[in-house]
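K.L.:
Model the following, please.
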Amino acid sequence: MMWLLLLVQLSATSQPYVLHVEVLDVFDSERKCMKKVTKIPKKEIPKNINMGCVQLPSVKKAKNL
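P.N.:
The predicted structure is shown next:
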């Protein structure tokens with residue numbers, strides 16, 4: 001299965017909405033994706049940025065992983 005490491009930027013309002021979404025990387029396992037997330041220092045991530053791993057179950061294998 002394919003895993004995407006996503007960055008989601010939210011607005012800084014009382015009712016947040018999505019400003020920007022970007023695929024930072026692609027992985028062939030959740031473990032590899034989470035390992036990358038935990039390497040990023042939390043103090044370097046702005047408060048309105050969220051990052052996480054999202055599974056694409058319909059994709060069994062991707063080239064160049």
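K.L.:
Tell me how many other residues crowd the nearest residue to Lys32 once chain neighbours are set aside.
P.N.:
Distance criterion CB to CB, 6 or more residues apart in numbering; nearest residue to Lys32, sequence neighbours excluded, is Trp3 at 7.4 Å. In this view, the C-beta of every residue, glycine as well, is placed from N, C-alpha and C. For Trp3, the tally of surrounding residues (other CB atoms under 10 Å) stands at 23.
K.L.:
who does Trp3 bridge with?
P.N.:
Residues in a beta bridge with Trp3, per DSSP bridges, are Phe27, Gln55.
K.L.:
Could I get the phi/psi values of Glu30?
P.N.:
Torsion angles at Glu30 (phi, psi; degrees, to the nearest 10) stand at phi -60, psi -40.
K.L.:
Surely it touches Trp3?
P.N.:
Yes - contact status for Glu30 versus Trp3: in contact at 5.5 Å, counting by CB atoms under 8 Å.
K.L.:
and for these two, which residues touch both?
P.N.:
Residues touching both Glu30 and Trp3 by CB atoms under 8 Å, 6 or more residues apart in numbering: Cys53, Gln55.
K.L.:
Spell out the secondary structure type for the residue with the largest distance to the centre of the chain.
P.N.:
Distance to the chain centre peaks in the chain at Ser14, reaching 23.4 Å (criterion: CA atoms, centre = their mean). With DSSP: H, G, I helix; E, B strand; the rest coil as the basis, Ser14 sits in coil.
K.L.:
No further questions, thank you.
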